[in-house]
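Enquirer: Next input, structure requested:
(chains A and B)
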Amino acid sequence: MSDLLAWPVVGAILRWRHLRTATRTVLLLVAAALVAHGLFGPQFAPTNLATLVTWIHYRGLLIGVLIVAGNAFCHACPMILARDLTRRVHAPTLGWPGRLHGKWLALPLFAAVLFAYEAFDLWAQPAATAWLIVGYFAGAIVVDTLFKGAAFCKHVCPVGQFNFVASTLSPLEIRARDGAVCAGCRTFDCLKGRRAPDAPAIVVQRGCELHLFVPTKTGNLECTFCLDCVQACPYDNVALATRVPGEELTDDRRRSLIGRLSRRPDFAALALVFTFGALLNAFAMTAPLRSLERWFAIGTRATSEGQVLALLFVLALGVAPLGLCAAAAAITHVVGGARATFTPVKTIAVSYAYALVPIGCAVWFAHYAFHFLTGVGAIVPVTQSAAIDGFGWAVLGEPAWGWLGLRAGIVFPLQVGAILLGGFGSTSLIHRISERDYRGHAAEAGAPWVVIAVGLTVLALWILAQPMDMRGTGFLS
Amino acid sequence: MLLRVAHAQRGVADLIRKGRIHALALIAGAATMLGAAGCRVAAPAFDDVTWALHPARPVVGPATLRVTIGEPHAAASGTTVRVIGHMAHPGMVPVIGTVTPRGHGVYDAKMNLTMPGDWVFVVTVQLADGRRFERNIPVPHVEAPKP
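Expert: Okay, the predicted model is just below:
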């Protein structure tokens, strides 16, 4: 294990007390600029910073940083800065309602954002994108001034849920440096916060707002990388450690706050929506979607694209994953040996569902990396264009649309490599789960799940090979 | 009452001191928004232009946009016309048209549409006196060529 907090320069930066405020301030300013240009700039997506930066740069960097490092965008989330300020005016007093614990609220919200993106062509709507950003801020402020802790991050934020699932494949995690030191701790500052020695009622450094207890914390689920625990621990016993990406998805030990993954159908459902949502989101940009929509529209006599998309979403994010997992779990139940026979089908399905996260993450990466790598340079002409809008003359020069990024043909092998790696990762996790739970019958138990993983991999490669079909000019015509 | 007011004032001062970094950040953000909104210069209207696309329902491949600028700009010398074809999705590689002047305010822009989907042609006209006009021309439902 290598601890980044112990590295010479990187460690000093990560430990800097004002790092979060600094990064959050930068992103807050970026968000303010996007909202301003989205609302008051040209309502034409390719030349508006709100649509370009939100849907191309932010998403591309988000998934890239998640895979390369970890949940850095939750760490630097500007919404936390805004709600921290409002909490100084109105401190929350309520606890999150018990009936809404878990991911059962966040799950439909996550699916709803995916649906809204397609149904309203958000990528083509600068003002709508700006209002979406404003809505996120408003949601964070309202929820977190009512409810204590990081209620918005944990139970509401759709981007946060995406980050939590994808960060299970990150190579870094927060963990205790030495378990013996934690065993001797009696103040639990990482959880409760560090208090002033002369005034114990005053918290001088807050602990984990998501209520993760470092000694029993496993993996990155529910961790926003805020580093509050690093600042709070009086023994300097918290590490930002390297690890094997994805390994936590096969770790079924009881973990802080979450318990055993195999007993959390809400997390498994989130993993499935994450995975199948990736395929649907990528498929929606291809030409065959139109044919499918027409076919659905004729078959169901739907009168609007929204109705057709709603049906497509129910099938792709509900019926398909549930049906596939139920069928695979039933087969495992029968062929997985004595232990599988005594394990409920639902528990089997929940245990294996996490193994599909790598292929889902690979599809998100292949999709977003394509847009980012082929369009990263668009920030230059769009900023030049914004300057012309603002000043009336080309203060930054004429928009230079010549080079925007890599050619699609160069990015394609990277996409294919990512998908194959994701498929390999999912298959490996299935094998490990099978070995963990059904030793002696691992091959039979895991076989139906391997079929699903391979099927999703082939489907992802097929989607990549389809001609793209960009929609979204309805607002102009 | 006075005590409550003083307490409230102290509370506000304390709030400002504690939250000054956050407050500065918010103020800077708000200033950026207001500045961007306030500085924006409205583009002049550009009514006197007509256009025709050939083929009228283009497929992926070559297409020509004929732009005709009406009087009084038609005969003006030093006018430049630029046509850029964008996909509706941001960040996609645009197609830059090769513009040929045909005289009397008529310009032909040869475009090579690279993928199916919804396109928008952005026509920018820059007059010799520095004024510039812009118009977005939707070109929806461009389809792949039939085999």
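
Enquirer: The chain: strands as residue ranges?
Expert: No chain specified, so I'll use chain A. For chain A, the strands defined by DSSP state E occupy A:172-176, A:194-196, A:199-205, A:238-242.

Enquirer: wait, chain B
Expert: Using DSSP E, strands in chain B cover B:49-54, B:61-69, B:80-87, B:95-96, B:98-103, B:106-113, B:117-126, B:132-142.

Enquirer: In JSON lines, list these along with mean pLDDT, mean neighbour count and distance to residue A:270.
Expert: In short, each C-beta sits where N, CA and C put it, glycine included. As requested, the strands of chain B are exported to JSON lines (pLDDT from 0 to 100; neighbours: other CB atoms under 10 Å in any protein chain shown; distance: least, CB to CB, whole Å):
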{"stretch": "strand B:49-54", "mean pLDDT": "90", "mean neighbour count": "14", "distance to residue A:270": "47"}
{"stretch": "strand B:61-69", "mean pLDDT": "93", "mean neighbour count": "18", "distance to residue A:270": "44"}
{"stretch": "strand B:80-87", "mean pLDDT": "92", "mean neighbour count": "22", "distance to residue A:270": "32"}
{"stretch": "strand B:95-96", "mean pLDDT": "92", "mean neighbour count": "18", "distance to residue A:270": "40"}
{"stretch": "strand B:98-103", "mean pLDDT": "92", "mean neighbour count": "12", "distance to residue A:270": "50"}
{"stretch": "strand B:106-113", "mean pLDDT": "94", "mean neighbour count": "18", "distance to residue A:270": "40"}
{"stretch": "strand B:117-126", "mean pLDDT": "89", "mean neighbour count": "22", "distance to residue A:270": "32"}
{"stretch": "strand B:132-142", "mean pLDDT": "86", "mean neighbour count": "18", "distance to residue A:270": "36"}
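
Enquirer: Just send the ones you listed back as CSV, with distance to residue A:444 too.
Expert: Formatted as CSV, the strands of chain B follow (distance: least, CB to CB, whole Å):
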stretch, distance to residue A:444
strand B:49-54, 61
strand B:61-69, 53
strand B:80-87, 48
strand B:95-96, 54
strand B:98-103, 63
strand B:106-113, 52
strand B:117-126, 46
strand B:132-142, 50
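
Enquirer: Could you save the ones you listed as JSON lines and add columns showing distance to chain A?
Expert: Converted to JSON lines, the strands of chain B look like this (distance: least, CB to the nearest CB, whole Å):
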{"stretch": "strand B:49-54", "distance to chain A": "14"}
{"stretch": "strand B:61-69", "distance to chain A": "13"}
{"stretch": "strand B:80-87", "distance to chain A": "4"}
{"stretch": "strand B:95-96", "distance to chain A": "6"}
{"stretch": "strand B:98-103", "distance to chain A": "14"}
{"stretch": "strand B:106-113", "distance to chain A": "11"}
{"stretch": "strand B:117-126", "distance to chain A": "3"}
{"stretch": "strand B:132-142", "distance to chain A": "4"}
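
Enquirer: out of the strands of chain A, nearest to chain B?
Expert: Each of those has some distance to chain B by CB to the nearest CB; the shortest is strand A:199-205, at 11.9 Å.

Enquirer: roughly how far is the closest one from the heart of the chain?
Expert: With CA atoms, centre = their mean, to the nearest Å as the basis, strand A:199-205 stands 33 Å off its chain's centre.

Enquirer: and it, what other elements does it pack with?
Expert: strand A:194-196, helix A:228-232 (3 or more CB pairs under 8 Å, 6 or more residues apart in numbering or on different chains; DSSP states H and E).

Enquirer: Go through the longest one and flag the buried ones.
Expert: Put plainly, it is helix A:228-232. Buried residues in helix A:228-232, defined by neighbour count with 16 or more other CB atoms under 10 Å in any protein chain shown: A:228, A:229, A:230, A:231, A:232.

Enquirer: again with stretch A:344-361
Expert: A:345, A:347-361.

Enquirer: Out of the residues you listed, which sit inside helices?
Expert: A:345, A:347-353, A:357-361 (DSSP state H).

Enquirer: For these, give me JSON lines that also has pLDDT and distance to chain B.
Expert: Shown next, in JSON lines, are those (pLDDT from 0 to 100; distance: CB to the nearest CB, whole Å):
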{"residue": "A:345", "pLDDT": "97", "distance to chain B": "42"}
{"residue": "A:347", "pLDDT": "97", "distance to chain B": "42"}
{"residue": "A:348", "pLDDT": "98", "distance to chain B": "41"}
{"residue": "A:349", "pLDDT": "98", "distance to chain B": "36"}
{"residue": "A:350", "pLDDT": "98", "distance to chain B": "37"}
{"residue": "A:351", "pLDDT": "97", "distance to chain B": "39"}
{"residue": "A:352", "pLDDT": "98", "distance to chain B": "35"}
{"residue": "A:353", "pLDDT": "98", "distance to chain B": "32"}
{"residue": "A:357", "pLDDT": "98", "distance to chain B": "26"}
{"residue": "A:358", "pLDDT": "98", "distance to chain B": "26"}
{"residue": "A:359", "pLDDT": "98", "distance to chain B": "24"}
{"residue": "A:360", "pLDDT": "98", "distance to chain B": "22"}
{"residue": "A:361", "pLDDT": "98", "distance to chain B": "21"}
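
Enquirer: does residue A:337 really touch residue A:443, like I thought?
Expert: No: applying CB atoms under 8 Å, one finds residue A:337 not in contact with residue A:443, separated by 10.8 Å.

Enquirer: Between those two, which is the more surrounded one?
Expert: Shown here are residue A:337 and residue A:443; by other CB atoms under 10 Å in any protein chain shown, residue A:337 has more neighbours (17 against 14).

Enquirer: tally of neighbours for the closest residue to the more buried one other than its chain neighbours?
Expert: Ranked by CB to CB, 6 or more residues apart in numbering or on different chains and with sequence neighbours excluded, the top spatial neighbour of residue A:337 is residue A:441, at 3.5 Å. By other CB under 10 Å, the residues close to residue A:441 number 17.

Enquirer: Point me to the residue sitting farthest from the middle of chain A.
Expert: residue A:198 (41.3 Å; CA atoms, centre = their mean).

Enquirer: quick one, phi psi at that one?
Expert: phi -90, psi -10 (degrees, to the nearest 10).

Enquirer: For it, give its distance to residue A:204.
Expert: 11 Å (CB to CB, to the nearest Å).

Enquirer: How about residue A:21?
Expert: 16 Å.

Enquirer: got it, and residue B:59?
Expert: Distance from residue B:59 to residue A:204, by CB to CB: 67 Å.

Enquirer: and what of residue A:118?
Expert: On the measure of CB to CB, residue A:118 and residue A:204 end up 47 Å apart.

Enquirer: Quick check, the residue in chain B closest to chain A?
Expert: residue B:91 (2.6 Å).

Enquirer: residue contacts, that residue?
Expert: A:46, A:52, A:55, A:56, A:371, A:372, A:374, A:375, A:376, A:378, A:404, A:405 (CB atoms under 8 Å, 6 or more residues apart in numbering or on different chains).

Enquirer: Filter these down to just the ones in helices.
Expert: Checking those against DSSP H, those in helices are A:52, A:371, A:372, A:374, A:375.

Enquirer: With adjacent residues omitted, what lies nearest to the last one?
Expert: I take that to be residue A:375. Residue A:375 sits nearest to residue B:91 (CB to CB, 6+ apart), 2.6 Å away.

Enquirer: Of all the residues in chain A, which one is nearest chain B?
Expert: Closest point on chain A to chain B, by CB to the nearest CB, is residue A:375, at 2.6 Å.

Enquirer: how much space between that residue and residue B:89?
Expert: 9 Å.

Enquirer: Let me know the average pLDDT across stretch A:63-75.
Expert: What stretch A:63-75 shows for mean pLDDT is 96.

Enquirer: returning to that earlier point: with neighbour numbers in mind, choose between residue A:21 and residue A:204.
Expert: Regarding residue A:21 and residue A:204, a neighbour count based on other CB under 10 Å identifies residue A:21 as having more, with 18 against 12.

Enquirer: That one reaches residue A:80, doesn't it?
Expert: No: between residue A:21 and residue A:80 there is no contact under CB under 8 Å: 9.8 Å.
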